[in-house]
Every structure is written in structure tokens, then in C-alpha cells.
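A.B. asks: next input, structure requested:
(2 chains, ligands or ions: 2)
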2 protein chains.
Amino acid sequence: MAQGTEDLENLIALMAKLPGLGPRSARRAVLHLIKKRSLQLIPLAEAMHRVGATARECLSCGNIGTIDICDICANEKRQNGQICVVEDVADLWAMERANVFKGRYHVLGGTLSALDAIGPEELRIPKLIDRCQSEGVTEVILALGATIDGQTTAHYIADQLPGITVTSLAQGVPVGGELDYLDDGTITAALTARKSL
Amino acid sequence: MAQGTEDLENLIALMAKLPGLGPRSARRAVLHLIKKRSLQLIPLAEAMHRVGATARECLSCGNIGTIDICDICANEKRQNGQICVVEDVADLWAMERANVFKGRYHVLGGTLSALDAIGPEELRIPKLIDRCQSEGVTEVILALGATIDGQTTAHYIADQLPGITVTSLAQGVPVGGELDYLDDGTITAALTARKSL
Ligand SMILES: [Zn+2]
Ligand SMILES: [Zn+2]
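C.D. replies: Numbers count the residues shown, from 1 in each chain, chains lettered A, B, ... in the order given. Ligands and ions are numbered 1, 2, ... in the order given. Okay, here's the model as predicted:
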């Protein structure tokens, strides 16, 4: 690289840390951005700055937005007695794109994992139990991955919620698959065919 | 997504335009950045801003840097009578990483293409001819892709430079392959075994 390129090298190094990019694709992306300076590079820098300044987790469900209580939690129409529990925000967004679930969400932030020493306190499970009482929840729908940790987490949550119907997405979720990688139709089928634990 | 998420959606849309990323990987990358706000999101926004404000093409060779004449062109030791011609800046960087070429570069900005109506004037070929005279060049090494357009470009340049030895990287460049995807050893072998056109 040319002189005075610490900034360039720094940018490439930061881009290379993004999931799905490596050093080569980061170099390609940065050269692409420099060619599209006014259309892409500057707007991207500004969008990141704005998101960095304003993004926050919803205090109730853990969704990402710019206010303390997200619009799903703030929407009274979505208090229908159902909470759909997902591992992360990408899964919540995938459910919303499918546009089939009318209740509220709860983002766990992962799954229980003995290997990684992740227990209920790390996962917003206590907050889920609180919400089931305060929001008059009658059914908790577990939309967790069909992994061993996902299923362990599902059974743990079901045990913590006596008197509440706990169901899980069933049909269509491939073994070992992640929710965010499914098409909308599969998610719809899985929700419709949910089964009681 | 939650209320007030125009900024988030805008950021995801901009990220999805990067080469190698699509909508899903852009969403994942943005969620990753929000989780790593102070370590990655804010530094990335600042690095993009700095590069956007300072990056420019070297007026002589077309390399990307922050000054009018890049350090390779400004380095008298690299005026050794050899110019290596590459299609784009990523290829120049790949050559530099191989650390085997001691002369200067010339970035064409693409290859001649009848289909895309790209002629010599679009490609900094006139500037290359100027440099061959003003910099006392005795050998032009063509490090162009082994595509039909790349080879057409190579022969066109050779025809424009009577009295100058024009060679091309030979051994090791796979047919249809791009320079930036080769390992350093392959580039070294290709340079060492270059052949006269
Ligand atoms: Zn919420
Ligand atoms: Zn230069």
C-alpha cells in the first residue's frame, strides 16, 4: 500500500472482523467503497455513527431499536397472551418477516450451555418469567434452534413455567438448523404445526 | 424491527451492497457491530470517515493512498526501468504482498472490453505510454488476468510500446483466474518465469 495508508489498513482490519468477511473480501469491500465514496462510503460511515449513537436493547424483550421499549412491546394489540422466545434478534426479525406471529417476543441472547458456562441468569430467563406474570401470558412459544443446547433450554424454560402452555416450533425446523436461515414459508409451517412440550 | 429503526434498516441496506455480503449477512454483521459498539462499530464508522475524507488515487500509477504521489512512485529506488501493469489496486496490493517485484506499478482500472465499450482512453493506457518515456522504462511486465479481455489488453499494450520489452506473468496464473486470489508463492513463480510477448 501507499504512504499514509494507516487509515486504509485500519479500515481493512476492522472490516475483516465482520462475520462473513475475511482479509481478502475486506480489501475488496474497502476498494469498492472508495470507488463509491459519495454514494456508499460516506453514507455508510454516517449510518454507523447514527446507529452507534442510538441503538439500544428493548428493556422488556431485548429487541434492538432506538427507544427503551420497542414498538412491538409498546403495541397493546400485540399483548395477546402469547410470547415467542427466540435466541437472538436476527431470529426475531426472521419471525417478523414471516408476518405470521401476532404476539410479543422475548430474546434470550443465546442458549443454555454447560460447555460455555451459560446459565439462566445470562439468558434473560428471569425476565421471561417476570413477563409471563405481568403480561398475562397463557402460551410461550419456543422458537429455538433444534440443537442440543436449544432443546435443553426449551425444557428448562418449560419447567420454570408451570400453569402456562409451553409449545415449540416443530414442523420444518431442520435438525441443527438456525431459524434465521429458513424461508418465511417454513417458519409459517413450523409455527402452525407447533406442538405442546 | 422496532420503532425508530429507519437508521438500522438504512445501515443494513448499505451493508448489503458490499461485495460478498447479501441481506442476511448484512443483518448479521450489523447485529454483531451493535454488540461490539465501542470496539468495532464506532471505530469502523470513524475509519470510514477518515478514508472517505483522505483516500485518493496516485496521480502517476493509480494506487490508492492519501497523497498525490504514492510512496512507490515517490521512491527513487523503485525507478529500476520496470513497470508492472495491473488491472486494479487489489492486484497491486497482491503483488506487493508477494514482495518480489522491485519496480513501479501502473493500475489500468480494468481491461479493454468491446462488450462494455471500454477503450484505451478509459484505462489509463495513454498515461502508461507517457510514463514509459518520462521514467526511462525498459521493461513493462503485464500482470493481467488470463481472460480473453486481459490477453487482448496485453497485446494492445505491447503494440503501443515499440522498443520496450513487454513481458507477461506466465507460469502459475490459472486460466480465468484473478491475481488477487493467488497465493504469494504462485505470484513469485509467475513473475520469475515471465515470458516475452
Ligand atoms: Zn420489546
Ligand atoms: Zn503511484
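A.B. asks: all strands for chain A, in order.
C.D. replies: A:56-57, A:64-65, A:82-86, A:104-107, A:139-143, A:165-168, A:195-196 (DSSP state E).
A.B. asks: just the CA atoms of the fifth one, as PDB, please.
C.D. replies: Extracted as PDB, the C-alpha positions of strand A:139-143 are listed here (Å, rounded to 0.1, in the frame of the first residue of the first chain):
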ATOM      1  CA  GLU A 139     -48.700 -19.500  26.000                       C
ATOM      2  CA  VAL A 140     -45.000 -19.400  25.500                       C
ATOM      3  CA  ILE A 141     -43.900 -20.400  22.000                       C
ATOM      4  CA  LEU A 142     -40.300 -21.500  21.900                       C
ATOM      5  CA  ALA A 143     -38.600 -20.800  18.600                       C
END
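A.B. asks: picking up where we left off before, for A:L14, which of the strands of chain A is the nearest?
C.D. replies: strand A:64-65 (20.5 Å; C-beta to C-beta). C-beta here means a position set from N, CA and C on the backbone, and glycine is covered the same way.
A.B. asks: which stretches of chain A aren't confidently modelled?
C.D. replies: A:1-4, A:170-179, A:181, A:183, A:185-186, A:189-190, A:193, A:195-197 (pLDDT under 70).
A.B. asks: so where do the helices sit in it?
C.D. replies: Ranges of helices in chain A, per DSSP state H, are A:6-15, A:23-35, A:42-54, A:71-74, A:89-98, A:125-134, A:148-160, A:184-192.
A.B. asks: and B:P126, which of the ones you listed is closest to it?
C.D. replies: helix A:23-35 (20.8 Å).
A.B. asks: neighbouring contacts of that closest one?
C.D. replies: When contacts are defined by C-beta atoms under 8 Å, 6 or more residues apart in numbering or on different chains, helix A:23-35 is touched by residues A:8, A:11-13, A:15-16, A:18, A:21, A:40-41, A:44, B:18-21, B:48, B:51, B:55, B:64, B:88-90, B:93, B:180-181.
A.B. asks: neighbours around the closest residue to A:L108 other than its chain neighbours, how many?
C.D. replies: Nearest residue to A:L108, sequence neighbours excluded (C-beta to C-beta, 6 or more residues apart in numbering or on different chains): A:L123, at 4.7 Å. Other residues within reach of A:L123, judged by other C-beta atoms under 10 Å in any protein chain shown, total 23.
A.B. asks: which residues does A:V85 contact?
C.D. replies: A:V85 neighbours (C-beta under 8 Å, 6+ apart): A:Y105, A:H106, A:L108, A:L128, A:V140, A:I141, A:L142, A:A143, A:L144, A:I157.
A.B. asks: got the strands of chain A as CSV, with distance to ligand 1 columns?
C.D. replies: Shown next, in CSV, are the strands of chain A (distance: least, C-beta to the ion, whole Å):
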stretch, distance to ligand 1
strand A:56-57, 8
strand A:64-65, 7
strand A:82-86, 11
strand A:104-107, 7
strand A:139-143, 15
strand A:165-168, 20
strand A:195-196, 26
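A.B. asks: B:G119: which of the ones you listed is closest?
C.D. replies: That would be strand A:64-65 among the strands of chain A, by C-beta to C-beta, at 48.8 Å.
A.B. asks: does that closest one reach chain B?
C.D. replies: Yes. Strand A:64-65 lies within reach of chain B by C-beta under 8 Å from any C-beta of the partner chain, at A:I64, A:G65.
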